[in-house]
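Asker: Have a look; sequence and predicted model below, questions after that.
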Amino acid sequence: MEAYTDFAKVYDEFMDETPYHDWAVYISQLISGYGISAPYKKNVADDNGSADETIESVETLEESLDEDSEEALLLQEKNLVVELGCGTGSFTEEMANLGYDMIGIDNSGDMLGIARQKMEKAGLDIMYLEQDMCELDLFCTAGTIVSVCDSVNYLIEDEQVRKAFTKVNNYLYPGGLFLFDFNTLHKYRDVIGDVTIAENREDCSFIWENFFDVDTNINEYDLTLFVKKETDGAEDLFERSIETHLQRGYTLDEMKAFVEQAGMTFIKAIDADTHEEPTEDSERIYVLAREHGKA
């Protein structure tokens, strides 16, 4: 069964403890330190209150330009942030709330349908596009392209990673930043491989069975969902569905090679949990890379 169909309906419920806001604040700091994009809307300031000066300077510059001028259009592209594998848009919204001009991209129409509903309810202005990241097709370049929550691990073949990263490089504004995370081979092989995880809630439950293949470094997880149905009867009825997901574990050296093969320059890697240098025990790693320069 295609992934993220029935799971999309309960995804946010099971991910309700994911620290999307903390991720967004940290990634905003990384963009500020290594990238070229800046927030431009005064929605909510970041936790350090450091965004105000940048936002005001960008707004002042935008106001001084004709909105249809080449300079204004280039500034918009420079400050545009595109998220690959945005899912239901929880992280996308956090970045938008920090003032960034966001585009969210995902290949699951079910997930994007929920993302659009949430966006309208929150009163945000986010463009969502249904695309495979290997077939990324934007109408302009973007100063920053991000991907979080192990979306890159769904690319299970070398050629898929190279193709997706090459697309990213093609659509990055000159000098733009590519920032993504990935689950390591260590995490799949030594931590969650062949482990069964289950969670029971009032309206839904799941059983998540992992099967790791040491020959391919691919982790298959079979997700069995039980979702409560709305009925007029007194008896609770739950609908059962099954989804199969495939993710591949990678080493940092492999990811560095893919970045360079796509024409980008590797900047640095960061342990996503400790925010320190990655180690052999790192389970999720941020990679920062830069567009190398267009002809």
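Answerer: Received it, and whenever you're ready, just let me know what you need.
Asker: helix or strand right after the worst-scoring helix or strand of the chain on mean pLDDT?
Answerer: Ranked by mean pLDDT, DSSP states H and E, the weakest helix or strand in the chain is helix 51-63, scoring a mean of 52. Next in sequence after helix 51-63, counting helices and strands by DSSP states H and E, comes helix 70-79.
Asker: partners of the helix or strand just after that next one, with directions?
Answerer: Going down the chain from helix 70-79, the next helix or strand is strand 80-84, by DSSP H and E. Applying DSSP bridges, strand 80-84 is found paired with strand 101-106 (parallel), strand 142-147 (parallel).
Asker: following the last one, which helix or strand shows up next?
Answerer: Put plainly, it is strand 142-147. Assigned by DSSP H and E, the successor of strand 142-147 is helix 158-171.
Asker: Give me the below-cutoff pLDDT ranges for this protein.
Answerer: Applying pLDDT under 70 to the chain flags residues 1-5, 41-68, 231-235, 293-295.
Asker: cutoff 50 now
Answerer: 1, 43-51, 295 (pLDDT under 50).
Asker: got the residue ranges for the helices in it?
Answerer: For the chain, the helices defined by DSSP state H occupy 6-14, 20-34, 51-63, 70-79, 90-97, 109-122, 158-171, 185-186, 252-261.
Asker: Counting by contacts, list what the last one packs against.
Answerer: Identification of packing neighbours for helix 252-261 by 3 or more CB pairs under 8 Å, 6 or more residues apart in numbering; DSSP states H and E yields helix 158-171, strand 264-271, strand 284-291. (C-beta placed from N, C-alpha, C; glycine too.)
Asker: Please identify the buried residues of it?
Answerer: 252, 254, 255, 257, 258, 259 (16 or more other CB atoms under 10 Å).
Asker: so what's residue 269 up against?
Answerer: 252, 255, 256, 277, 278, 285, 286, 287, 288 (CB atoms under 8 Å, 6 or more residues apart in numbering).
Asker: quick one: the first one and residue 285 touch, right?
Answerer: Yes - Residue 252 is within contact range of residue 285, at 6.0 Å (criterion: CB atoms under 8 Å).
Asker: what sits in contact with each of those two?
Answerer: Counting by CB under 8 Å, 6+ apart, the residues touching both residue 252 and residue 285 are 184, 269, 278.
Asker: thought residue 137 was touching residue 131?
Answerer: Yes - under the criterion of CB under 8 Å, residue 137 makes contact with residue 131 at 6.3 Å.
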